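In: Need the 3D shape of this:
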Amino acid sequence: MPGMSHPFRWQIWRALWLLMSSIAQGVSSLLPLPVLAVSYIGTLPNYVKEEVLSLDLEENDFLYRIRRDSRIVYVSILDGDILPPDYRTDGFLVLAKLQNIPKWNDKWKTLTVRNTAQGIESSPDELPPHGLELGQLNHPSAIFINILDVTTVSRISYRLSRVRHGEESWVLKIARFKHEIPSLQNEVSVYSKLMASGFSLCPNFIGFDISGRTPSIQDLKDCTETVRLLHEYGIVHGDLNKYNLLVRHRPLSLCFSSNNFESRVAGRVLKVIGRAHVDSLQ
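Out: Numbers count the residues shown, from 1 in each chain. Got it, this is the predicted structure:
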């Protein structure tokens, strides 16, 4: 598998789709659904519905993820002067400005916008849309669906949502923009490997919504044993707090969060795992 030449050098960067649902169980209420903007271009019956879904703002580099009818497109603005500061996070104002940009009404998947000596210019499909390397996804339970076919029920974080697909409730994690792909790619690869190797605490690959409770100090022994089992597969969790462990009717489930550890330090970390659990569970 590309990028994972040795099975004991896996690294987990962020929460996995399924096990992150334990966080949702640990809060009393979920965040409300984000409504950034909905706009309509043209006149009925030929109008185009547009909605700002996500944004990522640097000082002079703005990224927007936008739904246009039944498609999701991406806009990269490379000059801070194109959007006034008060417009950048208000979806309605963002769309009001973008709809005046050259080539906005053309068909494209990505649009790169910049200031030039001749004024504002835009380049359709200058960069391809981002996506996972499917060759690294090696598990028979993986399925492929149109993200617009799922119904968002509630938001857990800016990249995590509780959704419904048919009669099933899932926890969905996405890479909104290209720079979020590496961490998600790594998660998918590691999780796929864990399942293929028979790690007992990995449920189905799809992020089914599961119930449980956060552990208490009385669960310290079980927590330590669960993490020890993970270390046997060459993986260090890296963020051991009670909200990343889920106690169910069977052994604990792990929620893998971002970390900076690698497998070579697993033995050293295991020596202090008891103290870490005491600190986090109290």
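
In: longest helix of the protein?
Out: Longest helix in the chain by number of residues (criterion: DSSP state H): helix 181-196.

In: quick one: buried residues of the next helix-or-strand element following it?
Out: Downstream of helix 181-196, the next assigned helix or strand under DSSP states H and E is helix 220-232. The neighbour-count check on helix 220-232 (16 or more other C-beta atoms under 10 Å) flags Leu220, Cys223, Thr224, Thr226, Val227, Leu229, Leu230, His231 as buried. (C-beta placed from N, C-alpha, C; glycine too.)

In: which helices and strands does helix 220-232 pack with?
Out: strand 253-254, helix 266-271, helix 273-281 (3 or more C-beta pairs under 8 Å, 6 or more residues apart in numbering; DSSP states H and E).

In: rank the ones you listed by mean pLDDT and give me the bottom one.
Out: With a mean of 34, helix 266-271 has the lowest mean pLDDT of the helices and strands packed on helix 220-232.

In: about what we covered before: could you dump the longest helix of the chain to CSV, C-alpha only?
Out: In CSV, the C-alpha atoms belonging to helix 181-196 read as follows (Å, rounded to 0.1, in the frame of the first residue of the first chain):
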residue,chain,number,x,y,z
ILE,A,181,-6.8,15.2,2.3
PRO,A,182,-3.5,13.8,3.7
SER,A,183,-4.8,13.3,7.3
LEU,A,184,-8.0,11.8,6.0
GLN,A,185,-6.1,9.6,3.6
ASN,A,186,-3.9,8.4,6.4
GLU,A,187,-6.9,7.6,8.6
VAL,A,188,-8.6,5.6,5.9
SER,A,189,-5.5,3.6,5.2
VAL,A,190,-4.8,2.8,8.8
TYR,A,191,-8.4,2.0,9.6
SER,A,192,-8.6,-0.3,6.6
LYS,A,193,-5.4,-2.1,7.7
LEU,A,194,-6.7,-2.5,11.2
MET,A,195,-9.9,-4.1,9.9
ALA,A,196,-8.0,-6.3,7.5
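
In: Distance of Leu78 relative to Leu201?
Out: 44 Å (C-beta to C-beta, to the nearest Å).

In: Between these two, tell me which one has more neighbours.
Out: For Leu78 versus Leu201, the count of surrounding residues by other C-beta atoms under 10 Å is larger for Leu201: 15 against 12.

In: Next, find the distance separating the more buried one from Lys107.
Out: Taking C-beta to C-beta, one finds Leu201 at 46 Å from Lys107.

In: So what's the residue count around Ile145?
Out: Residue crowding around Ile145 was assessed by other C-beta under 10 Å; the count is 9.

In: what pairs with the residue nearest to it when sequence neighbours are not counted across the strands?
Out: Nearest non-adjacent residue to Ile145, counting by C-beta to C-beta, 6 or more residues apart in numbering: His165, 6.8 Å away. Beta-bridge partners recorded for His165 (DSSP bridges): Glu168.

In: Give me the neighbour count for His165.
Out: By other C-beta under 10 Å, 14 other residues sit near His165.

In: And for the one 10 residues further on?
Out: Close neighbours of Ala175, defined as other C-beta under 10 Å, add up to 17.

In: Give me the three-state assignment for it.
Out: Assigned with DSSP: H, G, I helix; E, B strand; the rest coil, Ala175 falls in the coil class.

In: For Phe177, see how far away the residue nearest to it when sequence neighbours are not counted is.
Out: Nearest residue to Ala175, sequence neighbours excluded (C-beta to C-beta, 6+ apart): Leu184, at 4.5 Å. Distance of Leu184 to Phe177, computed by C-beta to C-beta: 11 Å.

In: neighbour-wise, which of the two wins?
Out: Leu184 (19 against 16).

In: mind listing what the more buried one touches?
Out: Residues in contact with Leu184, defined by C-beta atoms under 8 Å, 6 or more residues apart in numbering, are Arg14, Leu132, Lys173, Ile174, Ala175.

In: Swap in 7 Å and give it another go.
Out: Leu132, Lys173, Ala175 (C-beta atoms under 7 Å, 6 or more residues apart in numbering).

In: Next, format the residues you listed as CSV and append distance to Gln99.
Out: Output for these, formatted as CSV (distance: C-beta to C-beta, whole Å):
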residue, distance to Gln99
Leu132, 31
Lys173, 30
Ala175, 26
